[in-house]
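Peer 1: with the input below, show me the fold.
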Amino acid sequence: MSENKIEISLFGAFDIRVDDESQHLGVSGPTRSMLEYLLCYNGRLARREQLMEMFWPETCIERRRSSLNSAIWRIKKALKTIPLLGLDATAECVRMTGCRAEQVEIDAVCLENAVTGLGNTFEQRIANLDGLIRSLNRCHSTPLDGLDDEWASIERERLSALRMRGLSVAMHTLAALHRYDEALDIGRRILVHEPYRESTFQEILCLHVLNGERARALQLFEQFTAALEGDLGIEPMAETRALRDYIASDQSVNPAADRHLEPSTIETIWQPDVGALLATIEHTRDAVRTRC
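Peer 2: Numbers count the residues shown, from 1 in each chain. Okay, here's the model as predicted:
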């Protein structure tokens, strides 16, 4: 059995590496797009008619068949230098082979497996945390970068949402473990992708206070407010403003007050640590709803 390690990047520039050495495949256009699509499919069957409609929609049926056959030939040729990977094409369907082998890692597939396999209990999420962070670390860039096809736009949205879900769970789990610096690093990554995600910004303010950095939290609020007003012409939500006032007061919790927590889910372990800080948010939200 081949011992080569094969890493496939669908986040950022498309790349296939064998033992850390990038491979030049020489495919482009619809052929490259179809290859990335089949890799996202992770060995599942794709019907020929579907592929023809997706990648050559504006040509006649004869030209579609010819274009698909040419693309299959080019991909097979390109993969000859890649251990394990291949393309299986029948009269009805096409699929990648070898992509589920132990030595093959596709960043998008690893991310999906890590996020969907986290489990529901806090203990399970702790056990899977390192694997989740490793997968997230490979997925910094834009998924399927450079592809403009409709399928790629849809898949890009799905993968981006999956990444945000993974980052959020990682941040909450690290915070629950009192690993505040690491949780803040993850929170900053969330804001890189969605700068005005105000719910995450609120949690980042809480994390700074819990980490003994109340002044930093107040500085960040001023910067966030200026960015919102300058870029969008709006001010932070009432909940965020109330949280700022709470942090500036003497009521904010003492982050050094460590205690043993054994909740059954990540949601309940996150709440005890930030609950005192977020109580004012819930109160303000209720007040806003009452006025509306």
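Peer 1: close enough to count as contact, M237 and R197?
Peer 2: No: M237 lies out of contact with R197 (CB atoms under 8 Å); the separation is 11.6 Å. Where you see a C-beta, it was placed from the backbone N, CA and C, and this is true even at glycine.
Peer 1: and this protein, what are its domains?
Peer 2: 6-104, 195-292 (automatic domain parsing).
Peer 1: what about the chain, any weak spots by pLDDT?
Peer 2: Applying pLDDT under 70 to the chain flags residues 1-2, 250-292.
Peer 1: just the element for the residue located most distally from the centre of it, please.
Peer 2: Distance from the centre of the chain peaks at E62, with 39.7 Å (CA atoms, centre = their mean). Counting by DSSP states H and E, the element that carries E62 is helix 61-78.
Peer 1: kindly format the C-alpha coordinates of the helix or strand just after that helix as PDB.
Peer 2: The helix or strand immediately downstream of helix 61-78 is strand 86-89, counting by DSSP H and E. The C-alpha trace of strand 86-89 is given here as PDB (Å, rounded to 0.1, in the frame of the first residue of the first chain):
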ATOM      1  CA  GLY A  86      -8.200   8.300  -9.800                       C
ATOM      2  CA  LEU A  87     -11.400   8.900 -11.800                       C
ATOM      3  CA  ASP A  88     -13.900   6.200 -12.500                       C
ATOM      4  CA  ALA A  89     -16.200   6.900 -15.500                       C
END
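Peer 1: which residues belonging to strand 86-89 are considered buried?
Peer 2: When burial is assessed from 16 or more other CB atoms under 10 Å, strand 86-89 yields the following buried residues: 87, 89.
Peer 1: and that strand, what other elements does it pack with?
Peer 2: If you count contacts as 3 or more CB pairs under 8 Å, 6 or more residues apart in numbering; DSSP states H and E, strand 86-89 packs onto helix 61-78, strand 93-97.
Peer 1: show me the strands in the protein, by range?
Peer 2: Using DSSP state E, the strands of the chain run over 6-9, 15-18, 21-22, 46-47, 86-89, 93-97, 104-106.
Peer 1: distance to L147 added to those strands, as TSV?
Peer 2: Below are these laid out as TSV (distance: least, CB to CB, whole Å):
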stretch	distance to L147
strand 6-9	13
strand 15-18	14
strand 21-22	19
strand 46-47	16
strand 86-89	19
strand 93-97	17
strand 104-106	16
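Peer 1: would you map the helices across the chain?
Peer 2: Assigned by DSSP state H, the chain shows helices spanning 29-41, 48-55, 61-78, 107-116, 122-137, 150-176, 180-193, 198-210, 214-232, 238-248, 266-291.
Peer 1: OK, contacts around the spatially most central residue of the chain?
Peer 2: The chain has R163 as the residue nearest its centroid, 1.1 Å off, counting by CA atoms, centre = their mean. R163 makes contact with 111, 136, 139, 143, 193 under the criterion CB atoms under 8 Å, 6 or more residues apart in numbering.
Peer 1: for F224, same thing?
Peer 2: F224 touches 201, 236, 240, counting by CB under 8 Å, 6+ apart.
Peer 1: mind listing what the residue nearest to I133 when sequence neighbours are not counted touches?
Peer 2: Excluding the flanking residues, the one nearest I133 by CB to CB, 6 or more residues apart in numbering is A170, at 5.8 Å. When contacts are counted by CB under 8 Å, 6+ apart, A170 touches 129, 132-133, 136, 186.
Peer 1: are any of those buried, and which?
Peer 2: Using 16+ other CB under 10 Å, the buried ones in those are 129, 132-133, 136, 186.
Peer 1: ok, the closest residue to T97 other than its chain neighbours to H208 distance?
Peer 2: Computed as CB to CB, 6+ apart, the closest residue to T97 that is not its neighbour in sequence is G86, at 4.4 Å. Between G86 and H208 the distance is 51 Å, computed by CB to CB, to the nearest Å.
Peer 1: most tightly packed of the helices and strands packed on strand 86-89?
Peer 2: Mean neighbour count (mean count of other CB atoms under 10 Å) peaks for strand 93-97 among those, with a mean of 18.
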